[in-house]
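Chemist: Predicted structure and sequence below. I'll ask about it afterward.
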Amino acid sequence: MLFSWILPSIPKKAPKDGIYGKRASKLVLALSLFLSLLYGITIYLPTINPRGAYIGVDPRTLYDPYLRLIFKKRIINLEFCDGTIKRLVRMNKSGIRIIFESDRPLTLALLYLLSKQFGITNTVKAMPAICSVSFAITSYLLSRELFKENASLATLISISSFTTTIGLFGGLYANWLAWSSSLLMLTLAIRTRRNKLYIIPTVIMSIITALLHPYHWVMIQATLVIFSITSLILALCNKNKSYLKEGIGLYTATSPLLLGLTMYIMGACRGLWKHPLNIFYGYVKWYTKTIKNPLILFDENWWQITHKELYNYGMAGYYNFTLIMLALIANTMKNWKDLTDRLLTSWLTAVLIAFLAPLGAPPWGMQWRILYELPIGLLATQGLLKLQNLIQKNTEKIIAVLIVTQQINYTLRFILLLTNAIYS
């Protein structure tokens, strides 16, 4: 708030070239790129972190020890390392070969190449800045396709969301990089409407995303499958093939899905990649039970896990009321015939399906990882734009709804916190 004077003022009537106007949008984009770099380097500034200690979970427990195994160096504090590292040590595996046995080989290959040039510690510490800046750039590219003149605003909102804060807290560098590659993939896919030559790079970027972080890739693929189904339904109901034609690139992006499923099935036959298959089996088993007894959908275990992960994980990093409310507005005012609305709603639906199942070991499940797949910045931007279109005619009603909704949220949140405190 203290630095809000830096931002250009929003005009009373939105200009045709975006909320801020064409000239100011360039300043907002420059500010977004600067902030993305600042977010990435701040945690290792010597004035804030004089000891240069690793910030985040995975840098200490996964990436540093993984690189030490690759370079055959001694691992510091093995007892605090990720289970994957402990398993590799027990199996006496090390060297470059473990890169290709990993479920995210491209991420490890990138870390390996950078470490050869700059060292392990410097590479791990540089990753937040690399992830943050690349995420900002690709967010802008996709936002140009989805929001046109408001792309700079969407970029600023996206980088200032829990994609950044939780990414820093968890050190989710593979997932964060996969975000950038998937946003670029979607950009190329949408551009296929104008030029069919974008099909090939779209497929390539889809494969790259799978090699960076297969779980993020699966969520993107699920999103595109839901998008394809809704587009087909729209085309049949309206007898209009244009709904199918406009998403041809997005359908193409799902082509590596068959290859990915084949690889996992072959890997399972050889005893590899059991974890992803176990996760999938867990979802099938849970939803089968839910069909038989829908009341288990929100049982005590689900509430306990969801409460912990939404309000406790990452110092409540997921709890961002402003963006959540804007995302809610975007979804309640959606227009299925609009490609942007259809894509974002399909994305939200895919995340919701995965979020409902309380998988994992209590008291923690997998909800915190599922929430990280939510395109909260894009959804919030869409909500803000829709809100802007209504605010002049319905200002009083909108303010009233926001205030009431916030108070309902406050009351429910307090009750959950109180229940958890007493229960604990």
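Modeler: Arrived safely.
Chemist: Buried residues of stretch 31-39, list them for me.
Modeler: 31-33, 35-37, 39 (16 or more other CB atoms under 10 Å). Just so you know, the C-beta spots here come from the backbone N, C-alpha and C atoms, and that holds for glycine as well.
Chemist: Can I get it in PDB? Just the C-alpha atoms.
Modeler: Provided in PDB are the C-alpha atoms of stretch 31-39 (Å, rounded to 0.1, in the frame of the first residue of the first chain):
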ATOM      1  CA  LEU A  31       7.000  -3.400 -13.200                       C
ATOM      2  CA  SER A  32       5.800  -7.000 -13.400                       C
ATOM      3  CA  LEU A  33       9.200  -8.100 -14.800                       C
ATOM      4  CA  PHE A  34      11.100  -6.200 -12.200                       C
ATOM      5  CA  LEU A  35       8.900  -7.600  -9.400                       C
ATOM      6  CA  SER A  36       9.300 -11.100 -10.700                       C
ATOM      7  CA  LEU A  37      13.100 -10.700 -10.500                       C
ATOM      8  CA  LEU A  38      12.800  -9.100  -7.100                       C
ATOM      9  CA  TYR A  39      10.600 -11.900  -5.700                       C
END
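Chemist: model confidence over the helix or strand hosting Ile98, on average?
Modeler: Element membership for Ile98, per DSSP states H and E: helix 97-100. Mean pLDDT, helix 97-100: 90.
Chemist: which of the residues in whatever helix or strand comes next after it are buried?
Modeler: For helix 97-100, the following helix or strand on the C-terminal side (DSSP H and E) is helix 105-118. In terms of neighbour count (16+ other CB under 10 Å), helix 105-118 has its buried residues at 105-112, 114-115.
Chemist: Let me have those residues in JSON lines, extended by distance to Gly383 and pLDDT.
Modeler: Output for the buried residues of helix 105-118, formatted as JSON lines (distance: CB to CB, whole Å; pLDDT from 0 to 100):
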{"residue": "Pro105", "distance to Gly383": "37", "pLDDT": "92"}
{"residue": "Leu106", "distance to Gly383": "33", "pLDDT": "95"}
{"residue": "Thr107", "distance to Gly383": "32", "pLDDT": "96"}
{"residue": "Leu108", "distance to Gly383": "37", "pLDDT": "95"}
{"residue": "Ala109", "distance to Gly383": "38", "pLDDT": "96"}
{"residue": "Leu110", "distance to Gly383": "34", "pLDDT": "96"}
{"residue": "Leu111", "distance to Gly383": "36", "pLDDT": "96"}
{"residue": "Tyr112", "distance to Gly383": "41", "pLDDT": "96"}
{"residue": "Leu114", "distance to Gly383": "38", "pLDDT": "97"}
{"residue": "Ser115", "distance to Gly383": "41", "pLDDT": "96"}
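Chemist: which one of these sits closest to Tyr311?
Modeler: Thr107 (29.6 Å; CB to CB).
Chemist: Sort out for me which of the buried residues of stretch 31-39 are in helices.
Modeler: Counting by DSSP state H, those place 31-33, 35-37, 39 in helices.
Chemist: For the helix or strand where Met205 lies, C-alpha coordinates in CSV please.
Modeler: Assigned by DSSP H and E, Met205 falls within helix 199-212. Presented in CSV, the C-alpha positions along helix 199-212 are these (Å, rounded to 0.1, in the frame of the first residue of the first chain):
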residue,chain,number,x,y,z
ILE,A,199,0.9,-27.3,-34.0
ILE,A,200,4.4,-28.8,-34.0
PRO,A,201,5.9,-26.5,-31.3
THR,A,202,2.7,-27.0,-29.3
VAL,A,203,3.3,-30.8,-29.2
ILE,A,204,7.0,-30.2,-28.4
MET,A,205,6.2,-27.9,-25.5
SER,A,206,3.6,-30.4,-24.2
ILE,A,207,6.4,-33.1,-24.1
ILE,A,208,8.8,-30.7,-22.4
THR,A,209,6.2,-30.0,-19.7
ALA,A,210,5.8,-33.7,-19.1
LEU,A,211,9.5,-34.1,-18.7
LEU,A,212,9.8,-31.1,-16.3
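Chemist: Name the next helix or strand downstream of that helix, please.
Modeler: Taking DSSP H and E, what comes next after helix 199-212 is helix 214-238.
Chemist: What residues sit buried inside that next one?
Modeler: For helix 214-238, by 16+ other CB under 10 Å, it's 214-224, 226-228, 230-231, 234-235.
Chemist: packing partners for the helix or strand just after it?
Modeler: As assigned by DSSP H and E, the chain's next helix or strand after helix 214-238 is helix 242-245. Applying 3 or more CB pairs under 8 Å, 6 or more residues apart in numbering; DSSP states H and E, one finds that helix 242-245 makes contact with helix 214-238.
Chemist: by how many degrees do the helix it packs on and helix 199-212 diverge?
Modeler: 140 degrees (axes from the mean of the first three to the mean of the last three CA atoms, to 10 degrees).
Chemist: Just the angle for helix 214-238 relative to helix 105-118, thanks.
Modeler: Using the same axes, to 10 degrees: helix 214-238 against helix 105-118 is 140 degrees.
Chemist: which helices and strands sit right next to helix 214-238?
Modeler: Using 3+ CB pairs under 8 Å, 6+ apart: helix 214-238 touches helix 173-191, helix 199-212, helix 242-245, helix 248-252, helix 256-269, helix 274-292, helix 339-356.
Chemist: who wins for proximity to Glu79 among those?
Modeler: helix 274-292 (21.5 Å).
Chemist: could you give the mean pLDDT of the helix or strand containing Asn301?
Modeler: Assessed by DSSP H and E, Asn301 sits inside helix 300-311. Regarding helix 300-311, the rounded mean pLDDT is 71.
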